[in-house]
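Engineer: Coordinates for the following, if possible.
(2 chains, ligands or ions: 2)
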Number of protein chains: 2
Amino acid sequence: MAAAASADDDGPGALIEALRALPGVGARSAQRMAWHLLQRDRAAALRLAQALSDALDSVHHCQRCNTFTRHTLCALCRDDSRNPALLCVVESPADLSVMERTGGFQGHYFVLQGRLSPLDGLGVEGIALDPLLARCADGAVREVILATSFTAEGEATAQVLGQVLQARGIGVTRLARGVPVGSELEYVDLSTLAHALGDRRPLA
Amino acid sequence: MAAAASADDDGPGALIEALRALPGVGARSAQRMAWHLLQRDRAAALRLAQALSDALDSVHHCQRCNTFTRHTLCALCRDDSRNPALLCVVESPADLSVMERTGGFQGHYFVLQGRLSPLDGLGVEGIALDPLLARCADGAVREVILATSFTAEGEATAQVLGQVLQARGIGVTRLARGVPVGSELEYVDLSTLAHALGDRRPLA
Ligand SMILES: [Zn+2]
Ligand SMILES: [Zn+2]
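Structural biologist: Ligands and ions are numbered 1, 2, ... in the order given. Sure thing, here's the model as predicted:
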């Protein structure tokens, strides 16, 4: 009987394993997290268990824009004071949030919940392409602004989406290259992002 | 209505908040973790929720050594092939685990589940002192080996425990100072730790 193994199996081993599934969490971090939750903050452990169950039960994709919401339509999609002719396509809810914080956009959004990664063999099946095409066919959208990241993967995503949308006669623009090449959109400062939005140009 | 706030409240905001309670997890990490769990690996989210609930329900402290266990006594405490005269006092289950992996110790353990931090005003109420004293009074323990970390806090813990135990006539030793000063025990290489165990000396 290996004592270390039995000590692990006998205690919070399953919790440590489950924590390792979190992105960026290795064996040692998971062990520290489990210790903290069981020894120092059991209330936080209970809140996390409940928040996970609740989110799995109640948080799903908005039927119009594909972001996370607890309703059929998210708050932004329900807001009819926004411009229905402009649709800004972003990779993630975090990117939607940073665009909103620029204060420079009054249209609607569509969240891909992913991006193409040709080098990893991740194609359009990894993003919500069909829902995006359906969204663009609502008769109100005049311009789709591609606001994917200016990384290799974000650019590939913009290229493919641009071609598909233009083939359907939809006007497509891309954020201006004020965004430093190689950056994740989420990390760009807000004024740079606001300029890039103002300088958007027709897709080449 | 602030759109960014409503977008947060409408989605996995409670999950993101709950994830931020994990040690070392900031706002951006929590957002990425929530996205990963809801978009990429819902099975992992379910496993984590269940592991948390299960650990809260089933994992508690061993009645003899204070480590985590699902039983009244942990596997090490139930193992009567080990030497009952030696008791090694460690700060955490992680430290117990690394001591076991040296293969150099055949006695029993006691897990403080914390350490003194005089600068933070954390005194003996933060560690399992009374259970340790009860454990040492079993009539079998001849030597208590203090294997707390060689940090300021670990040394302070060893000093206080040493005084209390010696006042009760119990023989107390400390790991040899082969352990580099300023290190966390958990990060020490196993052979250094094995030497330090072999060279343990009476408390000054
Ligand atoms: Zn929506
Ligand atoms: Zn035990």
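Engineer: Now A:A45: closest residue in space that isn't a chain neighbour?
Structural biologist: Counting by C-beta to C-beta, 6 or more residues apart in numbering or on different chains, A:L37 is the residue found nearest to A:A45 once chain neighbours are left out, at 3.9 Å. All C-beta atoms are positioned from the backbone trio N, CA, C, and that covers glycine.
Engineer: How many neighbouring residues does that neighbour have?
Structural biologist: Close neighbours of A:L37, defined as other C-beta atoms under 10 Å in any protein chain shown, add up to 25.
Engineer: And for A:G26?
Structural biologist: The burial metric for A:G26, expressed as a neighbour count using other C-beta under 10 Å, is 10.
Engineer: what's the helix or strand containing A:R28 in contact with?
Structural biologist: When elements are assigned from DSSP states H and E, A:R28 belongs to helix A:27-35. Here helix A:27-35 makes contact (C-beta atoms under 8 Å, 6 or more residues apart in numbering or on different chains) with A:12, A:15-17, A:19-20, A:22, A:25, B:22-24, B:55, B:92-94, B:186.
Engineer: restrict those to those near ligand 2?
Structural biologist: The residues of those that also fall near ligand 2, by C-beta under 5 Å from the ion, amount to none at all.
Engineer: Derive a PyMOL selection command for the buried subset of the residues you listed.
Structural biologist: Restricted to buried positions by 16 or more other C-beta atoms under 10 Å in any protein chain shown, the PyMOL selection for the contacts of helix A:27-35 reads:
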select buried, (chain A and resi 12+15+16+17+19+20+22+25) or (chain B and resi 22+55+92+93+94+186)
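Engineer: What ranges does chain A have for its helices?
Structural biologist: Remark: helices assigned in chain A by DSSP state H are A:3-10, A:13-20, A:27-35, A:42-58, A:75-78, A:93-102, A:129-136, A:152-167, A:190-198.
Engineer: Switch those over to TSV; also include mean pLDDT and distance to B:R135.
Structural biologist: As requested, the helices of chain A are exported to TSV (pLDDT from 0 to 100; distance: least, C-beta to C-beta, whole Å):
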stretch	mean pLDDT	distance to B:R135
helix A:3-10	48	17
helix A:13-20	96	24
helix A:27-35	95	20
helix A:42-58	97	24
helix A:75-78	96	57
helix A:93-102	89	49
helix A:129-136	95	61
helix A:152-167	92	56
helix A:190-198	74	58
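Engineer: tell me, what residue is most central in chain A?
Structural biologist: When chain A is reduced to its mean C-alpha position, the nearest residue by C-alpha atoms, centre = their mean turns out to be A:S92, at 1.5 Å.
Engineer: What distance do you get for it to chain B?
Structural biologist: With distances defined as C-beta to the nearest C-beta, to the nearest Å, the gap from A:S92 to chain B amounts to 6 Å.
Engineer: Kindly provide the distance from the residue lying closest to that residue once chain neighbours are set aside to B:L15.
Structural biologist: Nearest in space to A:S92, with sequence neighbours left out and distances taken as C-beta to C-beta, 6+ apart, is B:W35 at 6.2 Å. The gap separating B:W35 from B:L15 is 10 Å, by C-beta to C-beta, to the nearest Å.
Engineer: contacting residues around the residue nearest to the centre of chain A?
Structural biologist: Contact analysis of A:S92 by C-beta under 8 Å, 6+ apart lists A:V111, A:L112, A:Q113, A:G114, A:E186, B:W35.
Engineer: which of these has the most neighbours?
Structural biologist: Most neighbours among those, by other C-beta under 10 Å: A:V111, with 26 neighbours.
Engineer: so that residue bridges to which residues?
Structural biologist: Residues in a beta bridge with A:V111, per DSSP bridges, are A:V90.
Engineer: what's it in contact with, if anything?
Structural biologist: The neighbourhood of A:V111, defined by C-beta under 8 Å, 6+ apart, consists of A:C62, A:C65, A:N66, A:T67, A:V90, A:E91, A:S92, A:P93, A:D95, A:L96, A:A128.
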